[in-house]
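**Q** I'd like to go over a predicted model; first the sequence, then the structure.
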Amino acid sequence: MQTTVGTNTLTLVQAVTDGMRTMLREKEEVLVMGEDVGKNGGVFRATDGLQAEFGEDRVIDTPLSEAGFTGAAIGMAINGFLPIVEIQFLGFVYPAYEQIMTHASRIRARTMGHYSVPMVIRAPYGAGVRAPEIHSDSVEALFTHMPGIKVVCPSSPYDAKGLLIASIEDPDPVLFMEPMRNYRSSREEVPEDKYTVEIGKGKRLAEGEDVTVIAWGAMVPVAEKAVKQMEGKGVYCDLIDLRTLYPLDQDLIAESVQKTGRTVIVQEAHATSGVANDVISVINDTSFLYQKAPIERVTGFDTPVPFFAYEDHYLPTPERVIKSIEKVISF
Amino acid sequence: MQTTVGTNTLTLVQAVTDGMRTMLREKEEVLVMGEDVGKNGGVFRATDGLQAEFGEDRVIDTPLSEAGFTGAAIGMAINGFLPIVEIQFLGFVYPAYEQIMTHASRIRARTMGHYSVPMVIRAPYGAGVRAPEIHSDSVEALFTHMPGIKVVCPSSPYDAKGLLIASIEDPDPVLFMEPMRNYRSSREEVPEDKYTVEIGKGKRLAEGEDVTVIAWGAMVPVAEKAVKQMEGKGVYCDLIDLRTLYPLDQDLIAESVQKTGRTVIVQEAHATSGVANDVISVINDTSFLYQKAPIERVTGFDTPVPFFAYEDHYLPTPERVIKSIEKVISF
Amino acid sequence: MEEQFPMIQWIDEKGNLVKEIDQELITEDVIRNMYRNMVRIRTFDRKAISLQRQGRIGTYAPFEGQEAAQVGSAMSLRKTDWLFPTYRDHGATMTFGHSLKTILTYWNGRNEGCVPPEGLHIFPPSVPIATHLPHAAGAAYAEKRKGTDNIAVAYFGDGATSEGDFHEGLNVASVLKSPVVFFNQNNNYAISVPIHKQMNSKTIAQKSVSYDIPGVRVDGNDIIAVYTEMNRAIDRARNGEGPTLIEAVTWRYGAHTTADDPTKYREQQESEDRRASKDPVARLELYMKQAGLWDEEWVTGIKEEVAQEIDLAIEDMENLPPADVNVIFDYVFESPTWTIEKQKKDYVAHMERGDQ
Amino acid sequence: MEEQFPMIQWIDEKGNLVKEIDQELITEDVIRNMYRNMVRIRTFDRKAISLQRQGRIGTYAPFEGQEAAQVGSAMSLRKTDWLFPTYRDHGATMTFGHSLKTILTYWNGRNEGCVPPEGLHIFPPSVPIATHLPHAAGAAYAEKRKGTDNIAVAYFGDGATSEGDFHEGLNVASVLKSPVVFFNQNNNYAISVPIHKQMNSKTIAQKSVSYDIPGVRVDGNDIIAVYTEMNRAIDRARNGEGPTLIEAVTWRYGAHTTADDPTKYREQQESEDRRASKDPVARLELYMKQAGLWDEEWVTGIKEEVAQEIDLAIEDMENLPPADVNVIFDYVFESPTWTIEKQKKDYVAHMERGDQ
Ligand SMILES: Cc1ncc(C[n+]2csc(CCOP(=O)(O)OP(=O)(O)O)c2C)c(N)n1
Ligand SMILES: Cc1ncc(C[n+]2csc(CCOP(=O)(O)OP(=O)(O)O)c2C)c(N)n1
Ligand SMILES: [Mg+2]
Ligand SMILES: [Mg+2]
């Protein structure tokens, strides 16, 4: 038996659309909900064409009501549907935080599996696109500290589609973070058909013996540039794209750090209580004796994400990553 | 000049009341607001007698509306008042999360100091008192990852009053976490008069050369028991009560860990993305070469805080702390 | 607004009919059932309080005084409908068919208390106030989308109307035309906060105007009124006419929960006065006597019956195997993450070494 | 409800007076000022869009079409009052006295854009929808407590009414009897979502019923109506009568922001039709002509004046020193924590080494 698998050259945001379309076609229970997701196709066009194809009943423009529609989606999810909820920007998830924290993530545990919430919350996140304030938050750690939800964050078109489909098929709630800055920054061949990328698994993007560089989402291209430049200087890094932030890929992290003994973590979010510190704790737990230098974190500051005139200062740059790579090497 | 300073023997919750009373007396601008804080004196009696003494205008029973009254308190704070907002249980702070995250904590930065929010948010937190579900959350990390707010968490009556007064006098918003389990568990001499305990400073509760044990809030007595028992076995610990969770007392942590080389952190909250990981990152940054063993964390699980029939399993115990102390010693 | 939303009554405080009853809806059987259910839940409630006092269950939220509201509304449901209760609505859930043992287990701090009987759609009590209103809107919408005529009902208190989720839930439901009834029990207090500090409006029913949905204010101690209006609202929902907001004006006689001391914030005499004049169970009794439906023997019979049923449920609850630590870990996700697996393994090993 | 909350109008679409004007309130000077302000903000708005197109400012939210609502309401304020705007209300803030340069600076992504002129209580635009309504309730309450008769006004859109904070803000304000006006600009769209998908109710004014506060629906393109009703609401607030909800029915002609493409979700012909028949500036012009208040020379004069003023503001904005990295760090707390100090030090050192 032979199948020819076609591919399309897609941007990350197109791959997200493709993932939703694939699942809307496959399962009648899949719904897309949120502000402006219908006729408008989303403020980033992530849902472009979906309402035209699947109708107003399956691609639903909701009121401006994050708690209301996330809560309603929970009600739909416990009653047989598979809602994909779009939060227009991650910085507007806060009004829905109570619904996610006390309900979406806990209902299965509370009811010993009697009810569950197979819901995906999609949210563009991050700075670097000159958006107005509050539109640029990257607060994944508010969800990795929330038992009962998985947190996924692709950096490439291929992973975006595969992880989104895996998230939709996951029987539990998933926060699916989409790096705005990567939405249209590159294209990749993406299979036309359905496929999944496993949740909980990172990916090694470059192989090296000297330093482990760990990044996710919008920081992957930043780390990648740094790693490339270091190759020019004869320093070879393992570059790991975490892809899932909860649960972390402990094995991949440990394996790499045990090889290199030196780690740089690149995180867009505020330094304190960020996911980088979870990575540090994984290394502490698994690889203490292998460490040859203190772990370096290149992160956003403990300041609000600044207005866009200053956001380039806030965002980790390849230069800052390089500085940290050099630091762990010369330690 | 001589002053005789009187003291009272108070529980932690009484010390909290005393702190509020002291400041309500001193500054007309201080207000107390929240659900049931008036006639009822709060569900824990933390505001007992305050409305009778200061009137309905200064001790205000609000509607059941965490976003509404926290938001209103922000409006009062930018306009000259010093509101102390009570969230009845920390697990009910989520509806106010947006107000705190996007406003209380950011207004000063956004307006370059033109507006500020000198507000205190008081919240009892934690498990161990057989409360119904959701009443037992300990989610300090959701606020340590929020730039622009300080997070304070006393474990004793003396510190509670002193830190609360410091929080009320702090020109910026403070989340003041009150360990329910410690509310009435012990008494202490507390000065009658006004005094402050500095925000940002931990406290060494026991002195030892072997292991650094770090805890806060309700975990302090747990750690204390473990440390005492270890003394019987000839193991001496530095016991640190962090008292402030943002900003951490980096110097105290570093000094102790550089002495002992071995660390155990006791945290009630879920393991992942908790404040314990911030402590690990401080140690990584300051004391890498001094470490003789991987840091041990004794924490709550990555599960919702369980229903009360199971909460004793969830909560770190002196026995689990001892196990970890022994582990770092025998490494 | 009080004129626009008058309090609907069928039986007055003396047990007199003030309006013609719908005989087809409110048959003699239904009336007997109402009485029986109210006696049943009241007996349960009192028993639960004494269990709490004896330390056999944890903090408990009593509802005595609100029986007509809870029974009248729950009796209007079909078994295939959805019920979203708060912590105070187990009078409604047990009327709907919830297991008494399970309810007691909930108050004993165990997850088993959140699992409804097979086939019944009962959500675990919503503790964060008003958060379940959007769930009800969504679950009801899902029924509509499946093409059934099942509906959902969400129970909530007067205090709950101040939360954003009340507003968002009703707005979303009204836009989606969800078949849902928002059933408010206005017992005049949110813990210690009286309604005039909770809201400026004189009725809760008038809050329906914001969503252009029907709003109804009923005497929540008159079970005939509650049942009749609830049936109307449910009919509208089943017929595709969308949500209704019902305000059932009532009173709790006792404390907010067993951890609460109401004398701190109100004259308990008022509760006693209300009991004397407005009690929902006594009122139906008066009516039944007038209507010739009263039978002492039958009453004695049901009282014995329900007492036995409740005793049995307590026994069942207390015979449950001890709380199992695995419950903490095994249901967070369908398949546990490595983090939870490892934490469980470590903890279980620790327990087994007996050094817990 | 549309009968209960009819749309109040003073000038019809042809510029005819349909009701007697309050001559004391609406003097000739006031009318000229209205016209001038509307021309001023419209000129600013168009200029800002072109600045955005040229890359001289960032994403911008235009308000053309909503001038009567913004000017009429803001002109009703006293300089000591408080103004809580959204991102679309700089027409109101500049009328109130905000600096044009500062407004442009906001849209250029700089914190300086959040600092109001000395002595004016203007809050930075609220980006998270409806979150500033509770602030206005609180700030207004603070004025009352201080014993002043200053009031606060919160601006917000039709979409904002769906958020919980809308509800909580109004409820808290109504309970505290805060001297605040909730000024809604119903432009029929929340980005792409038309009002009938946003709410089931036919008016926004009727949402006042939930809080037993006055609700008023005005033709938001009729500046006389807006000004008159806003003045009444403010008078009530100053007199201790608490909050009012005003719905000003209007329309934005253009895109939601410069990043939005309205042709995706609506016929732009409708905007053109509305411009032809309902434009707020043209309507006042028609009225002024009928009332003998029109003076071509004066009009030419103000157009030149405002154009100059705006050009100057742009120049000022563009002459600002470059964005200073210290702004990120120096205002998070009154005194920086060590974390921020260290991050600043490291970053500044990094910059100075030029390897940024
Ligand atoms: C979000 C949230 N805030 C606070 C609480 C604490 N709390 C529990 S019950 C209650 C009062 C509820 O009053 P009401 O809605 O009238 O219901 P009733 O208890 O009278 O049945 C409060 C404030 C809570 N459970 N959830
Ligand atoms: C909490 C929140 N959710 C979503 C957004 C994104 N957003 C910005 S403006 C807008 C529509 C607002 O509509 P409306 O209230 O009618 O005001 P208008 O833009 O029409 O003036 C949305 C959804 C936001 N800013 N805040
Ligand atoms: Mg109540
Ligand atoms: Mg609008």
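**A** Okay, I see it. Ligands and ions are numbered 1, 2, ... in the order given.

**Q** any low-confidence regions in chain A?
**A** The model of chain A has pLDDT under 70 over residues A:1-4.

**Q** centre-most residue in it?
**A** The C-alpha lying nearest the average C-alpha coordinate of chain A belongs to A:Cys153 (Cα atoms, centre = their mean; 1.3 Å).

**Q** which residues are in contact with it?
**A** For A:Cys153, the contact set (Cβ atoms under 8 Å, 6 or more residues apart in numbering or on different chains) comprises A:Glu140, A:Phe176, A:Met177, A:Glu178, A:Pro179, A:Trp216, A:Gly217, A:Leu242, A:Arg243, A:Thr244, A:Leu245. (Each C-beta comes from the backbone N, C-alpha and C, glycine too.)

**Q** and for A:Val129, the neighbour number?
**A** By other Cβ atoms under 10 Å in any protein chain shown, the residues close to A:Val129 number 20.

**Q** in which helix or strand would I find it?
**A** Counting by DSSP states H and E, no helix or strand carries A:Val129.

**Q** leaving out chain neighbours, which residue sits closest to it?
**A** Nearest residue to A:Val129 in three dimensions, chain neighbours excluded: A:Met180, at 5.2 Å (Cβ to Cβ, 6 or more residues apart in numbering or on different chains).

**Q** go on, A:Thr7?
**A** That would be A:Glu189: by Cβ to Cβ, 6+ apart, it lies 4.3 Å from A:Thr7.

**Q** quick one: secondary structure of the one you found?
**A** Here A:Glu189 is recorded as strand under DSSP: H, G, I helix; E, B strand; the rest coil.

**Q** for it, list each beta-bridge partner.
**A** A:Thr9 (DSSP bridges).

**Q** does C:Asp212 touch D:Ile204 like I think?
**A** No. Counting by Cβ atoms under 8 Å, C:Asp212 does not reach D:Ile204; the two are 11.5 Å apart.

**Q** looking at these two, which one has more neighbours?
**A** More neighbours surround D:Ile204 than the other of C:Asp212 and D:Ile204, with 29 against 16 (other Cβ under 10 Å).

**Q** what about the helices in the stretch 101-250 of chain A?
**A** A:107-110, A:141-144, A:157-169, A:219-232, A:250-260 (DSSP state H, counting those that start in this stretch).

**Q** and A:Met112, how far is that from chain D?
**A** The gap separating A:Met112 from chain D is 31 Å, by Cβ to the nearest Cβ, to the nearest Å.

**Q** show the contacting residues for that residue.
**A** C:Asn111, C:Glu112, C:Cys114, C:Val115, C:Val327, C:Asp330, C:Tyr331.

**Q** same thing with C:Pro214?
**A** Per Cβ under 8 Å, 6+ apart, neighbours of C:Pro214: C:Ser208, C:Ala233, C:Arg236, C:Thr244, C:Leu245.

**Q** how about a cut-off of 10 Å?
**A** Applying Cβ atoms under 10 Å, 6 or more residues apart in numbering or on different chains to C:Pro214 gives the contacts C:Ala205, C:Ser208, C:Glu229, C:Arg232, C:Ala233, C:Arg236, C:Glu241, C:Gly242, C:Pro243, C:Thr244, C:Leu245, C:Ile246.

**Q** contact partners for C:Pro280?
**A** Contacts of C:Pro280 by Cβ under 10 Å, 6+ apart are C:11, C:34, C:38, C:42, C:64-72, C:219-223, C:226, C:250-251.

**Q** that older thread, list the contacts of the residue nearest to A:Thr7.
**A** A:Glu189 touches A:Gly6, A:Thr7, A:Asn8, A:Thr9, A:Leu10, A:Pro157, A:Tyr158, counting by Cβ under 10 Å, 6+ apart.

**Q** you'd agree the second one is up against A:Val190?
**A** Yes. A contact is recorded between A:Thr7 and A:Val190 when judged using Cβ atoms under 10 Å, the distance being 6.0 Å.
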